[in-house]
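> take a look and give me a structure for this.
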Amino acid sequence: MGLRAYREEMGVSLRAVARALGKSATHVSNLERGRQRWTEVVVEAYKAAVNEAAASRGASRKESEQ
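Reported below is the predicted structural model:
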């Protein structure tokens, strides 16, 4: 599964991942599209950022439901 597919499956926006990584949305988009080189370290940081954003989004939903 590609980076973008993983992010979309988790229901996380590009901008949320960029914020979590401390990078621009353009930088993250270029990583997803293969326009920028990535290493295993970058992929692990990307996945952690997606998971963090997904968890944060879930917490926000639960708070608004209460």
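> where in this protein is pLDDT low?
59-66 (pLDDT under 70).
> how about Trp38, what does it touch?
Contacts for Trp38 (Cβ atoms under 8 Å, 6 or more residues apart in numbering) come out as Leu3, Leu31, Tyr46. Bear in mind the C-beta positions are built from the backbone N, C-alpha and C, glycine included.
> check the offset of the helix or strand harbouring the second one from the chain's centre.
Right, Leu31. According to DSSP states H and E, Leu31 maps onto helix 25-32. Averaging C-alpha positions (Cα atoms, centre = their mean, to the nearest Å) puts helix 25-32 10 Å from its chain's average.
> filter the contacts of Trp38 to the buried ones?
Leu3, Leu31, Tyr46 (16 or more other Cβ atoms under 10 Å).
> show me which of the residues you listed is closest to Gly22.
Using Cβ to Cβ, Tyr46 comes nearest to Gly22 of these, at 12.0 Å.
> with adjacent residues omitted, what lies nearest to that closest one?
Leu3 (6.0 Å; Cβ to Cβ, 6 or more residues apart in numbering).
> just to revisit the earlier point, for the buried ones among the contacts of Trp38, which one is nearest Ala20?
Tyr46 (9.1 Å).
> quick check: phi and psi at the closest one.
Dihedral pair for Tyr46: phi -60, psi -50, per degrees, to the nearest 10.
> do I have it right that it meets Arg4?
No. Applying Cβ atoms under 8 Å, one finds Tyr46 not in contact with Arg4, separated by 10.3 Å.
> who touches the closest residue to Ala54 other than its chain neighbours in this structure?
What sits nearest to Ala54 in space, not counting adjacent residues and going by Cβ to Cβ, 6+ apart, is Met10, at 4.6 Å. By Cβ under 8 Å, 6+ apart, the residues touching Met10 are Val50, Asn51, Ala53, Ala54.
> try 10 Å this time
Ala16, Val17, Lys47, Val50, Asn51, Ala53, Ala54, Ala55, Arg57 (Cβ atoms under 10 Å, 6 or more residues apart in numbering).
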